[in-house]
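Participant: Return atomic coordinates for the entry below.
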Amino acid sequence: MNTKEQTTTVTVVLPCMWGPDESVPEQFLRQLDSLMSYSCVARVLLVRADLTTALPAAFEAHPAKKAGELRFIETSSWLAGSAIAELLENSETDILLLMPRTADVGIEVTGIERFLSTAASTGAGLVYSNFRQIRGSEMIELHLIDYRPGSLRESFDFGDVLFISKAAAHSVLDKYGSVDTSLRWAGLYDLRLKLATDFPILRIPEPLYTRRLPEPSTATGNSKKKKKYFDFGDAKSQSYQLEFETIANTHLRRVGAYLNSETSPLPPPEGDFPVLVSVIMPVRDRIDTIAAAVDSALNQSALFSFNVIVVDDHSLDGTTEFLQERAKTHPNLVHKIPQEIGLGIGGLLNEALYAPECGVYLVQLDSDDLFAATDVLEKMLAKFWDTTSVDNNFKQRNAPPNYALVIGAYTTVDFALKETRQGVIHHPEFTTEEGRNTALRMDGLGAPRAYYVPVLRRFGFPNTSYGEDYAVCLRISREYNIGRLFESLYLRRRWDGNTDRSLPIGSIRSIDVKEMLPPGTENVAGFLKSLRPLLLPLMTATNNGYNSYKDWLRTVELQARMNSHG
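Facilitator: Okay, the predicted model is just below:
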């Protein structure tokens, strides 16, 4: 392919993470020189945190700097609004090629031309692609997922190379307003949502570049040093969340999907409910954790009637026998085994939801986890009416509550119940005023969750094993208020047998890879390392499937909200 015939011009943007007394890695200089050798690349912009300090010697002496082809932009966060505005202003080219990480990325001229031709053919505002990852002699092709209208989460993974059309960027900024230069972290997010309003955002399902990783033994820990140069923000901080909330809500208003404070009235409970509250728990082969989970539910000190419904998905490890014995001495433990084989977690939850034993309120508990105290049910039920105590004589028992759903906070712990570094997860971004809109950019709404059954039975859970709770929470949030408790009420365990630590490989049953090793395997770590070229693509495909499903849920919900506004 003759690059001299290339008429589209490109400005490359790279983060500069090194101070004046530091050596610039050889791989970065190779990457820089390779990009600048392509005829379509007119300029490279290096983003620095501080232009008042001297440049590293490698940049001071670079001939492209003297020629004006290598320029420097100053910003505290290179994803800030001021940085995006300055990048657009300093690139007099057709395309911005953003490479947001200091990874060792190699992109050949044929890859660049493929990006450019796709953008030209489709009129896309932003184009990204799959890539190959190289570690030593290992090379693996990794696939990203397609962008949807509901891909509103700021964590959407575009990979290491993004092509942005300058014409499209100027069009949407002229139409919807420029990127706010006061934004500390959400500048690129703002531009992306504005682009998505009017232009396609496309993934090329081809590996158009490579990402080279160091061998584990040669890793230098540079990833920890980078944060002293740029402010990447703390996703848990209120200011960070408020900034992204403002941008997302502006986008929802722009496309006609924003929800105001009006909600639908909740129906009163009708029919016979044997208890006020049911704790429901789907389980399969969790003999190591089921006793603690069940006991944390049975030992609740509530003053109202409740039961615990465990839906056992034909366990084979002794879980079934344990539940049968425990039910003999605890009449409020309901052990169900569905007739149907092959249900997902959502299908198992529905077995309890539509069962005659189900109460007016339903509280979820995973078989890996447990309630943090004996008053969790009381606190969650009281929140439905914003009161402090509830018993069987509560005068509003037969009246609709204030919320269709109440969500608490949880603490992440290990198998021994010791708090992990993740600590308490309480989602402060989900506010009473904006929570129903914020739900569209969250990966999950939190736990534990308590539902008002007369509403939940309208929708039911989708028969999946991932995102089933997020799906129903989104649907409820479209019409009804959601109550929040920011106190940690739940211990979420992380261990080797946990679903999050295992490999579903497209199945609804999680599989611990260690269980698949040949008998007598002594060097487990070495054996798993040898399997890495096989397991990494499988795990990536699984995670992509999960993320794609949630983006699909958001897309459906986004469209429904747009339709409801006419």
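
Participant: From here on, just use CA atoms for contacts and neighbour counts.
Facilitator: Noted.

Participant: Quick one: name whatever helix or strand follows whichever strand or helix holds residue 456.
Facilitator: Here residue 456 sits within helix 453-459, counting by DSSP states H and E. Following helix 453-459 in sequence order, the next helix or strand is helix 468-479 (DSSP H and E).

Participant: coming back round to it: list the contacts of the helix holding residue 456.
Facilitator: 266-270, 353-354, 359-362, 404, 472, 475-476 (CA atoms under 8 Å, 6 or more residues apart in numbering).

Participant: then it to CSV, C-alphas only?
Facilitator: C-alpha atoms of helix 453-459 as CSV (Å, rounded to 0.1, in the frame of the first residue of the first chain):
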residue,chain,number,x,y,z
VAL,A,453,-42.7,-8.6,45.5
PRO,A,454,-46.0,-7.2,44.0
VAL,A,455,-43.8,-5.1,41.7
LEU,A,456,-41.0,-7.7,41.2
ARG,A,457,-43.5,-10.3,40.1
ARG,A,458,-44.5,-8.0,37.2
PHE,A,459,-41.1,-8.4,35.7
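
Participant: one step back: hmm, which of the contacts of helix 453-459 are the buried ones?
Facilitator: Among those, those classed as buried by 16 or more other CA atoms under 10 Å are 266, 269, 353, 359, 360, 361, 362, 404, 472, 475, 476.

Participant: With distance to residue 11 and secondary structure added, can I get the residues you listed in TSV?
Facilitator: Listed next are those as TSV, based on distance: CA to CA, whole Å; DSSP: H, G, I helix; E, B strand; the rest coil:
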residue	distance to residue 11	secondary structure
266	55	coil
269	62	coil
353	56	helix
359	61	coil
360	60	coil
361	57	strand
362	55	strand
404	51	coil
472	44	helix
475	43	helix
476	45	helix
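
Participant: Looking at the residues you listed, spot the one nearest residue 388.
Facilitator: residue 361 (16.8 Å; CA to CA).

Participant: where does the stretch 201-350 of the chain dip in pLDDT?
Facilitator: Applying pLDDT under 70 to the stretch 201-350 of the chain picks out residues 216-231.

Participant: where along it do the helices fall?
Facilitator: Along the stretch 201-350 of the chain, counting by DSSP state H, counting those that start in this stretch, helices occupy 222-225, 238-255, 290-298, 319-329, 345-353.

Participant: Give me the helices and strands touching the last one, please.
Facilitator: If I follow you right, that is helix 345-353. strand 277-283, strand 306-312, helix 468-479 (3 or more CA pairs under 8 Å, 6 or more residues apart in numbering; DSSP states H and E).

Participant: okay, the angle between the first one and helix 290-298?
Facilitator: Right, the one you point to is strand 277-283. Strand 277-283 and helix 290-298 are oriented at 170 degrees to each other (axes from the mean of the first three to the mean of the last three CA atoms, to 10 degrees).

Participant: With only the CA atoms kept, save strand 277-283 in CSV.
Facilitator: Provided in CSV are the C-alpha atoms of strand 277-283 (Å, rounded to 0.1, in the frame of the first residue of the first chain):
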residue,chain,number,x,y,z
VAL,A,277,-40.2,-11.3,54.3
SER,A,278,-38.5,-14.1,52.4
VAL,A,279,-34.7,-14.4,52.1
ILE,A,280,-34.1,-16.2,48.8
MET,A,281,-30.9,-18.0,47.9
PRO,A,282,-30.0,-19.9,44.8
VAL,A,283,-27.3,-22.5,45.3
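
Participant: by how many degrees do it and strand 306-312 diverge?
Facilitator: Going by the same axes, to 10 degrees, strand 277-283 makes 20 degrees with strand 306-312.

Participant: and strand 277-283, what other elements does it pack with?
Facilitator: Using 3+ CA pairs under 8 Å, 6+ apart: strand 277-283 touches strand 306-312, helix 345-353, strand 361-364.

Participant: Check which residues of stretch 383-391 are buried.
Facilitator: 383, 384, 385, 390.

Participant: Run through the residues that contact the second one.
Facilitator: By CA under 8 Å, 6+ apart, the residues touching residue 384 are 401, 402, 403, 404, 405, 406, 483.

Participant: cool, the first one as well?
Facilitator: Residue 383 makes contact with 406, 483, 484, 485, according to CA under 8 Å, 6+ apart.

Participant: quick one: which of those residues is nearest residue 467?
Facilitator: residue 406 (17.6 Å).

Participant: Name the SS class of that closest one, please.
Facilitator: Judged by DSSP: H, G, I helix; E, B strand; the rest coil, the three-state class of residue 406 is strand.

Participant: now it, nearest residue through space, not along the chain?
Facilitator: residue 483 (4.5 Å; CA to CA, 6 or more residues apart in numbering).

Participant: Looks to me like that neighbour is in a helix.
Facilitator: No. Note on residue 483: no helix contains this position according to three-state DSSP, which reports strand.

Participant: Tell me how far residue 328 lies from residue 314.
Facilitator: 19 Å (CA to CA, to the nearest Å).

Participant: which of these two has more neighbours?
Facilitator: Taking neighbours as other CA atoms under 10 Å, residue 328 and residue 314 compare with residue 314 leading, 18 against 11.

Participant: quick one, what contacts the more buried one?
Facilitator: Listed by CA under 8 Å, 6+ apart, the contact set of residue 314 reads 284, 320, 337, 338, 341.

Participant: Please identify which two of the residues you listed are farthest apart in space.
Facilitator: The most widely separated members of those are 320 and 341, with 14.9 Å between them, by CA to CA.

Participant: ok so, going back, in TSV: the buried ones among the contacts of helix 453-459, plus distance to residue 280.
Facilitator: Output for the buried ones among the contacts of helix 453-459, formatted as TSV (distance: CA to CA, whole Å):
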residue	distance to residue 280
266	22
269	19
353	8
359	10
360	12
361	10
362	7
404	17
472	16
475	20
476	19
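
Participant: and residue 451, backbone torsions?
Facilitator: Per-residue torsions, residue 451: phi -110, psi 150 (degrees, to the nearest 10).

Participant: That one against residue 404, yeah?
Facilitator: Yes. Assessed by CA atoms under 8 Å, residue 451 is found in contact with residue 404 at 6.0 Å.

Participant: Mind picking the two most distant members of the buried ones among the contacts of helix 453-459?
Facilitator: For these, the maximum inter-member distance is 21.0 Å, found between 359 and 475 (CA to CA).

Participant: which residues of the chain score low on pLDDT?
Facilitator: Residue ranges of the chain with pLDDT under 70: 1-6, 51, 66, 216-231, 392, 394-397, 495-518, 520-525, 527-529, 566.

Participant: and the residue nearest in space to the middle of it, what does it touch?
Facilitator: The geometric centre of the chain, computed from its C-alpha atoms, lies nearest to residue 443 (CA atoms, centre = their mean), at 4.0 Å. Neighbouring residues of residue 443 by CA under 8 Å, 6+ apart: 153, 550.

Participant: can you check residue 261 too?
Facilitator: Contacts for residue 261 (CA under 8 Å, 6+ apart) come out as residue 433.

Participant: Please verify my assumption that residue 285 contacts residue 318.
Facilitator: Yes. Taking CA under 8 Å as the definition, residue 285 is a contact partner of residue 318 at 7.3 Å.

Participant: So for those two, which residue has more residues nearby?
Facilitator: More crowded of residue 285 and residue 318, by other CA under 10 Å: residue 285, with 19 against 13.

Participant: what about the longest helix in this protein?
Facilitator: helix 524-564 (DSSP state H).

Participant: Just want the angle from it to helix 468-479.
Facilitator: On the basis of the same axes, to 10 degrees, helix 524-564 is oriented at 20 degrees to helix 468-479.

Participant: Tell me the gap between helix 524-564 and the middle of its chain.
Facilitator: Here helix 524-564 is found 10 Å from its chain centre; the criterion is CA atoms, centre = their mean, to the nearest Å.

Participant: Give me the helices and strands touching it, please.
Facilitator: Judged by 3+ CA pairs under 8 Å, 6+ apart, helix 524-564 is in contact with strand 138-142, helix 468-479.

Participant: Show me the contact partners of the shortest one.
Facilitator: Yep, that's strand 138-142 we're talking about. Residues contacting strand 138-142 (CA under 8 Å, 6+ apart): 130, 131, 132, 133, 134, 207, 533, 537, 540.
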